[in-house]
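**Q** Attaching a predicted model along with its sequence, questions to come.
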Amino acid sequence: PAKDIKIDWAGLKRRTRRVTSANLSASIYMPAGDGKTIVFVGSEGGGRFGGGGGGAPTLYSIGDDGKRLTRIASGNAPPTDTPGDDAPRGPRRGFGGGISGLALTKDGRTIFYQEGDGVYSTGMGGTPVAGADAPAGGRGLGRGGVPAGLAAATGGGGGSSKKVTFAAKVKVDHPAEWAEMFGDAWRTMKYRFYDPKMHGVDWEAAKAKYAPLVEYVGDTHELMNVINEMIGELNASHTGASARTGRGPGESGISTGHLGFDLVPDDAAGRYKVAHIYESGPADADWIKVEKGNYLIALNGRPVKSGDDFHDMLNRRLNKKAAVTLNAKPTPEGAWTVRIDPVSPTAFADLRYKRWVDERRAMADKLSGGKVGYLHIKAMDQPSLAKFRRELNEFRHKDALVIDQRFNGGGNIEQELLALLVQRQYQLWQPRGTEATTRPMSGFFGPKVVLQNWRSASNAEMFPAGFRALGLGKVIGTPTMCAVIGTGSYSLIDGSTIRTPAVGVYLNDESRTNMENTGVKPDIFVENTPEDNLAGRDRQLEVAVQELLKELRPASGVAGE
């Protein structure tokens, strides 16, 4: 019979101890039948469940005294492909299909678990991990805090898992399923939407308005259209329903490669001409003979004339590298061929982005005579935060700084950014014979402004709002997107998803202004026109530099400028 559990809370922290000594990321744990053993899923090298740094999840057992660490079974590394149409219905388990759903048999000798699309069973015997009984941080640990012998057991350790094979056919009543999905989506928004007043919308009336349409939908995508029309009544960002997607078995997409340089037509010569070579791109190498002004004569042996769609020649290549024939003149005589490994569209977009940033950095430097530094925040994510820290150090000797976050779609790092910028310098360390360093070391203490535009969204709206509220400087550009809510995602029965914003963001002012549908208005309104963009002019950046130079004049003692 079950006994009442009484917890002695006093001094609980003193009685709590770490069980594992290995550098394992542990999750999904359960007690074994003997009451002295814990079964858990772990991954070497830290990180979250399903793979520390991309490693394979592994099933372990360990005594509650921290001894007898045993590898029971090793899983597979998380897949990187997209599930096909024959994937199981409903959301996939875990991160990338890792180990989950642990279940022990009554005798405690066999454990069942789910991995990816399959169910597996294995004995609880396993392989003991050598050197794992030392206390955490003590002897017996190898490099990185991993017990000696743990690495040796990787891959082949543990018991032999057997896949539980079965076949099942499910008959789905799609109209009934779609009706359930519509109701589930409606309820999800009703109980998870950040504003209990639903932005003033009668949500019951919205259901009555759109529910009759569900009877006439013909597939999931039409259902998503109906749900999205209903959600649209809320006039809210960070929302929307999406059908489950995925390629079928054997399907693969086409990715057009890029050579790392821009080509423009020279109609008089009848050829394409190299107009720009991207720094750090596939063509930017000492062993590749290509210069601005060279003519493209052929690709993979096929002649190319001005007006030809040469992009198709970079698809479905037999060889990884493309044979690019170039010449200083628009004729084949004297031409040479180089082999270039084209990059993906994503990598090419990164090259174009770097060029855009470098051009604006050069503009700021030229307009200010080297006094004003420039940096751009691409997204509100951890890589952008690390880049921001590096560039603050890089520009610490500049007199002023332009912080550009135009075209930033958001994320969640505005607190970290503002924590760096709000710091005040309190000391200066001056080693003999070298440059001085400030305390704090990371930060920028001179005048600064933020650039924003209508493509600054979500967390990239919270950042300029906080920047201004903290008195750090002016905000220049156009109003932001007005899309400021904290969102999440909920899975429907067939694996379709619905975004559900659950966190509102408000200014800390007397009226507690809701930033959703309000956004951030600039202190100085400046808009880049299409003509500016075509001419390569950035008037928003020009005004930002001018404003900073105004702030620098009193400090420099220069009058009449």
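**A** Ah, there it is.

**Q** so where's the protein uncertain?
**A** Along the chain, the model assigns pLDDT under 70 to residues 44-55, 77-97, 130-159, 246-252, 554-561.

**Q** what sits against residue 484?
**A** With contacts defined as C-beta atoms under 8 Å, 6 or more residues apart in numbering, the neighbours of residue 484 are 237, 458, 461, 462, 505, 515, 516, 518, 519. Heads up, the C-betas are built off the backbone N, CA and C, glycines and all.

**Q** Just the ones of those in helices?
**A** Counted as lying in helices by DSSP state H, out of these, are 461, 462.

**Q** if we take the contacts of residue 484, which one ends up nearest to residue 405?
**A** For the contacts of residue 484, the minimum distance to residue 405 (C-beta to C-beta) is 9.4 Å, reached by residue 461.

**Q** Please tell me how far the nearest residue to the closest one once chain neighbours are set aside sits from residue 459.
**A** Nearest residue to residue 461 in three dimensions, chain neighbours excluded: residue 480, at 4.3 Å (C-beta to C-beta, 6 or more residues apart in numbering). Going from residue 480 to residue 459 by C-beta to C-beta, to the nearest Å gives 11 Å.

**Q** Residue 483 too?
**A** Distance, residue 483 to residue 459, by C-beta to C-beta: 10 Å.

**Q** Report the set of residues contacting both of those two.
**A** Counting by C-beta under 8 Å, 6+ apart, the residues touching both residue 483 and residue 459 are residue 410.

**Q** Can you tell me the SS state at residue 26?
**A** Using DSSP: H, G, I helix; E, B strand; the rest coil, the structure places residue 26 in strand.

**Q** can you start the count at 243 instead of 1 from here on
**A** Let's use 243 as the start, then, which means that last one is residue 268.

**Q** Could you export the contacts of residue 726 as CSV, including distance to residue 465 and neighbour count?
**A** Formatted as CSV, these follow (distance: C-beta to C-beta, whole Å; neighbours: other C-beta atoms under 10 Å):
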residue, distance to residue 465, neighbour count
479, 22, 19
700, 27, 26
703, 32, 27
704, 34, 24
747, 31, 20
757, 32, 20
758, 27, 23
760, 32, 17
761, 32, 20
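
**Q** just curious, which of the contacts of residue 726 is nearest to residue 625?
**A** residue 700 (17.0 Å).

**Q** show me what contacts the closest residue in space to the closest one that isn't next to it in sequence?
**A** The shortest distance from residue 700 to any non-neighbouring residue, by C-beta to C-beta, 6+ apart, is to residue 652 (2.9 Å). Residue 652 sits next to 621, 622, 699, 700, 701, 702, 703, 725 when contact means C-beta under 8 Å, 6+ apart.

**Q** For those, pick the one with the most neighbours.
**A** When neighbours are counted by other C-beta atoms under 10 Å, residue 702 leads the contacts of residue 652 with 30 neighbours.

**Q** Now name the helix or strand holding residue 353.
**A** Residue 353 is part of strand 352-357, with elements assigned from DSSP states H and E.

**Q** which other residues reach that strand?
**A** Residues outside strand 352-357 that contact it (C-beta under 8 Å, 6+ apart): 281, 299, 301, 314-315, 317-318, 335, 339-347, 361-366, 406.

**Q** repeat that with 6 Å
**A** 317, 335, 341, 342, 343, 344, 345, 346, 362, 363, 365, 366 (C-beta atoms under 6 Å, 6 or more residues apart in numbering).

**Q** How about stretch 431-445?
**A** Stretch 431-445 is contacted from outside by 475, 476, 477, 727, 742, 743, 744, 745, 746, using C-beta under 6 Å, 6+ apart.

**Q** Tell me which residues of that stretch come out buried.
**A** Counting neighbours by 16 or more other C-beta atoms under 10 Å, one finds that the buried residues in stretch 431-445 are 431, 435, 436, 437, 440, 443, 445.

**Q** Helices of the stretch 643-792 of the chain, start to end?
**A** Here the stretch 643-792 of the chain has its helices, by DSSP state H, counting those that start in this stretch, at 656-663, 701-711, 772-776, 781-798.

**Q** So which of the ones you listed is nearest residue 467?
**A** Shortest distance between residue 467 and those, using C-beta to C-beta, is found for helix 701-711: 28.5 Å.

**Q** for the closest one, packing partners?
**A** Packing partners of helix 701-711 (3 or more C-beta pairs under 6 Å, 6 or more residues apart in numbering; DSSP states H and E): helix 656-663, strand 690-694.

**Q** where's it relative to the chain centroid, distance-wise?
**A** 20 Å (C-alpha atoms, centre = their mean, to the nearest Å).

**Q** Kindly report the same for stretch 647-661.
**A** 13 Å.

**Q** CA atoms only: put it into CSV for me.
**A** Extracted C-alpha coordinates of stretch 647-661, given in CSV (Å, rounded to 0.1, in the frame of the first residue of the first chain):
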residue,chain,number,x,y,z
GLN,A,647,19.9,47.5,-35.8
ARG,A,648,17.9,48.1,-39.0
PHE,A,649,16.5,45.0,-40.6
ASN,A,650,16.9,43.1,-37.3
GLY,A,651,14.0,40.6,-37.0
GLY,A,652,14.4,40.1,-33.2
GLY,A,653,15.3,37.4,-30.7
ASN,A,654,16.0,38.0,-27.0
ILE,A,655,19.2,39.7,-26.0
GLU,A,656,18.2,43.3,-25.4
GLN,A,657,19.0,43.0,-21.6
GLU,A,658,22.5,41.8,-22.3
LEU,A,659,23.1,44.6,-24.9
LEU,A,660,21.8,47.3,-22.6
ALA,A,661,23.7,46.0,-19.6
